[in-house]
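Undergrad: what follows is a predicted protein model with its sequence.
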Amino acid sequence: MSEYKIRPHHALCINFFIGKGYSNDFTENMNHVIENLHNNPLTEITIGKDMICSKCPCTDCQEKAVSYDRKVIDFCGISGNMSWNDLKKVVHEKIISTGKLHEICGDCQWFYICGKKET
């Protein structure tokens, strides 16, 4: 099993991703990461730059991203690395299906997309 470094809040972003992003490089990278996650790699949970951040041109959002990460960890009880499928499942069960997405990242510039699709 290969290993992917993933920020906890990116499990939410990936769930709602519809092919829009900060730039073409970002969108291509996001598509590539999502494609590779279908193989259910071990995810190294990180509060810091991950494989998605590597192509993000947004350099002034680190504080907000860390806040999202900590909230996901708290809401989901994440305490270590896990498979992608397990991370995706716990995020869906504890945040998305309970209608708590807005409590995590309601102030995100992309929330208008996620908020419409949240169910």
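TA: Everything's here; your move.

Undergrad: how about the residue lying closest to H102 once chain neighbours are set aside, what does it touch?
TA: Of all residues beyond its chain neighbours, the one nearest H102 is G115 (6.7 Å), with distances taken as CB to CB, 6 or more residues apart in numbering. Just so you know, the C-beta spots here come from the backbone N, C-alpha and C atoms, and that holds for glycine as well. Applying CB atoms under 8 Å, 6 or more residues apart in numbering, we find G115 in contact with 101-102, 106.

Undergrad: kindly report the same for K71.
TA: Each residue near K71 by CB under 8 Å, 6+ apart is listed here: 9, 103-105.

Undergrad: ok, which pair from those is furthest apart?
TA: Farthest pair in these (CB to CB) is H9 and E103. Separation: 12.1 Å.

Undergrad: neighbour-wise, which of the two wins?
TA: Under the criterion of other CB atoms under 10 Å, the comparison of H9 against E103 puts H9 first, with 26 against 11.

Undergrad: and the closest residue to R7 other than its chain neighbours, how many residues sit next to it?
TA: Nearest residue to R7 in three dimensions, chain neighbours excluded: D50, at 4.8 Å (CB to CB, 6+ apart). D50 is flanked by 22 other residues according to other CB under 10 Å.
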